[in-house]
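> Coordinates for the following, if possible.
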Amino acid sequence: MSRKVRGSQKWLRILVNCCPELLNDQILSRLNPPANEICWRSPLKDDGYVEYKDKAFIESLKISLDEMPLECFWPQSGPRWDGLGVTDKEEVLLVEAKAHVRELCSPMRACNEISINRIKDSMSETREFMRAEKRADWTRPFYQYANHLAHLYFLHVLNKVNAYLVNVYFMKDEDMKKDDTIVPQTREEWESAILTQEIALGIPTRHGLRDRVVSVFIDVEDIKQSATGC
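From the prediction side, this is the model:
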């Protein structure tokens, strides 16, 4: 693994390739009904730790979009998924990982007017389905989470794919703390930041995708102990 890889990208790679049980156990128990196994499609060492996006992530998951093709919902250069997996019950897992609070913040970077309009239309449709506040701005500062919810809506609601959005939150990443950023030490610290994000996006406590969004909290120290020699 490259020495340049740090933070959430580093820890997710180690989890998936060296000690997947730490990640799998938390995810599987939160699915409804619980599954037994996860076959990870990315980021895999044998595949160069590729993180897939656009049509490539659909192909990696080997799913069919019978109702709506991706290009009709989202323009090119969509979200690049930190991880992708499929359970033994054919549940699709879209994974995003975070190691510090600043990673939650990201504005929309699309410049093409056609792309911007398509993104806004799809987000508006998702927001309406979730009954989120119309006045909430989904293009900033939490655009990434918003577009991940939109893709979950696209797969699960529009295409009837048994999909979940899995957010993996790492705690106690001392390497990132050296960058003078906010590194959560506890689950409660992460939950506070997540709540702020959802309030800003106008997301209600109960909505149509709530059961499809899974939050996993992993202590970096547990990974270090389990991945010794990897």
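
> Next, the contact list for the residue sitting nearest the centre point of the chain, please.
In the chain, the residue lying closest to the centroid (C-alpha atoms, centre = their mean) is E96, at 2.6 Å. Neighbouring residues of E96 by C-beta atoms under 8 Å, 6 or more residues apart in numbering: W81, D82, G83, Q144, Y145, H148, L165, V166, N167, V168. To be clear about C-beta, it is placed using only N, CA and C from the backbone, and glycine gets the same treatment.

> Kindly recompute the last result at 6 Å.
With contacts defined as C-beta atoms under 6 Å, 6 or more residues apart in numbering, E96 is in contact with D82, H148, N167.

> Q185 too?
By C-beta under 6 Å, 6+ apart, the neighbours of Q185 are M171, K172.

> Can you point out the helix or strand that includes it?
Using DSSP states H and E, Q185 sits in no helix or strand.

> what about V183, how many neighbours?
When counting by other C-beta atoms under 10 Å, one arrives at 22 neighbours for V183.

> ditto for R41
22.

> for the helix ranked longest in the chain, packing partners?
In the chain, with assignment by DSSP state H, the single longest helix is helix 113-130. Counting contacts by 3 or more C-beta pairs under 6 Å, 6 or more residues apart in numbering; DSSP states H and E, helix 113-130 packs against helix 143-152.

> just to revisit the earlier point, make CSV out of the contacts of E96 and add distance to I58 and neighbour count.
Formatted as CSV, the contacts of E96 follow (distance: C-beta to C-beta, whole Å; neighbours: other C-beta atoms under 10 Å):
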residue, distance to I58, neighbour count
D82, 16, 22
H148, 15, 19
N167, 20, 20
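
> now the residues you listed as JSON lines including distance to S124?
What follows is these, written out as JSON lines (distance: C-beta to C-beta, whole Å):
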{"residue": "D82", "distance to S124": "26"}
{"residue": "H148", "distance to S124": "16"}
{"residue": "N167", "distance to S124": "23"}
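
> And for the lengthiest strand in the chain, what's in contact with it?
When the chain is parsed with DSSP state E, its longest strand is strand 163-171. If you take C-beta under 6 Å, 6+ apart as the criterion, strand 163-171 is touched by 8, 11, 27, 92-99, 148, 152, 155-156, 184-185, 190, 212-220.

> Adjacent strands (with direction) for it?
If you go by DSSP bridges, strand 163-171 pairs up with strand 92-98 (parallel), strand 213-219 (parallel).

> Which positions within the helix or strand just after the last one qualify as buried?
If I follow you right, that is strand 213-219. Beyond strand 213-219 on the C-terminal side, the first helix or strand identified by DSSP H and E is helix 220-226. Under the neighbour-count criterion of 16 or more other C-beta atoms under 10 Å, helix 220-226 has V220, I223 buried.

> Return the distance of helix 220-226 from the chain's centre.
For helix 220-226, the separation from the chain centroid amounts to 21 Å (computed by C-alpha atoms, centre = their mean, to the nearest Å).

> And the average pLDDT for that helix is what?
The pLDDT scores in helix 220-226 average 95.

> May I see the buried residues of the longest helix of the chain?
By neighbour count on 16+ other C-beta under 10 Å, the buried set for helix 113-130 is S115, R118, I119, S122, M123, E125, T126, R127, F129, M130.

> just the helices in the protein please.
Using DSSP H, the helices of the chain run over 7-18, 20-28, 54-61, 113-130, 143-152, 174-177, 187-200, 220-226.
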